[in-house]
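# Here you go, sequence then predicted model.
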Amino acid sequence: MPAVSVVIPLYNEEDNVAELQKEIAAALVGLDYELILVDDCSKDQTLARIERRPEVRVIEFAKNTGQSAAMYAGIQAANGDVIVLLDGDRQNDPNDIPKLLEGIAQGADLVCGYRANRKDTTFKRIQSRIANAVRSRFTGDGVRDTGCTLKAMRRECREALVPFYGMHRFIPALIKGMGYKIAEVPTHHRPRTAGVSKYGFGNRAWKATCDMFAVKWLLSRQFQIRIRRETGGDSGNIS
């Protein structure tokens, strides 16, 4: 079983995927890891550009289902003790992964990266800042930049996740709601050099707002089971 599983959702990233694999290999040299690439039914040559290696696993969707579905499928398929999430557009820097793993080693259950110096348009930065502030206050996750895909979690944290469209925006809220400890670290953010963004303000603002109310309701209905003692049953001794 690998120590780390790196999960990357892909959709039309033919000019990014091969270089991203090289960057991950360089960043994680000496570490036992698997790379799970989830292709969300790309229409370009993304699948053909993937370098097939022993540590690489590829999940191909039969139809385009979205970023949350691709991320959830990869997380559930992961075998590593720690699961790392990364975007396929190369705006996240794989060299930040060891920093996230250090946060896990220091006791956090989920470590969220936040983009300290975003390489996006002014409008996109303002839009994201407002959305993050509203979401954090409403759900109580305390995370400043949930739009940063770069995260690392202990494998057991995935039990807190619920498969729904938009789930990826609420990973910290769902995991914190189950009592897990969250930490944040600053990460690098790079300008997109190939491909185009698949998500814009118009196609996500209203959906994200609806999702926020749904997650708030879900968090209000969650319960945690803490067992004080269990007695009885067969001890397993053979006479």
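Perfect, I can see it now. Because the structure is a prediction, the values reported are computed rather than measured. Residues are numbered from 1 along each chain as shown.
# give the contact list for the residue nearest the centre of the chain.
For the chain, the residue nearest the mean C-alpha position is Leu85 (3.7 Å; Cα atoms, centre = their mean). Each residue near Leu85 by Cβ atoms under 8 Å, 6 or more residues apart in numbering is listed here: 7-8, 71, 75, 149-153, 171. From N, CA and C alone the C-beta is placed, and that goes for glycine too.
# repeat for Asp87
8-9, 149-150 are the contacts of Asp87 under Cβ under 8 Å, 6+ apart.
# related to what we said a few turns ago, and the nearest residue to the residue nearest to the centre of the chain once chain neighbours are set aside, how far from Val82?
Nearest non-adjacent residue to Leu85, counting by Cβ to Cβ, 6 or more residues apart in numbering: Lys151, 4.6 Å away. According to Cβ to Cβ, to the nearest Å, Lys151 stands 11 Å off from Val82.
# So which of these two has more stuff around it?
Lys151 (27 against 22; other Cβ atoms under 10 Å).
# The more buried one reaches Asp109, doesn't it?
No - taking contacts as Cβ atoms under 8 Å, Lys151 lies outside contact range of Asp109: 11.1 Å.
# can you list the contacts of Asp87 in JSON lines and add neighbour count and secondary structure?
Shown next, in JSON lines, are those (neighbours: other Cβ atoms under 10 Å; DSSP: H, G, I helix; E, B strand; the rest coil):
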{"residue": "Ile8", "neighbour count": "27", "secondary structure": "strand"}
{"residue": "Pro9", "neighbour count": "28", "secondary structure": "strand"}
{"residue": "Thr149", "neighbour count": "21", "secondary structure": "coil"}
{"residue": "Leu150", "neighbour count": "26", "secondary structure": "coil"}
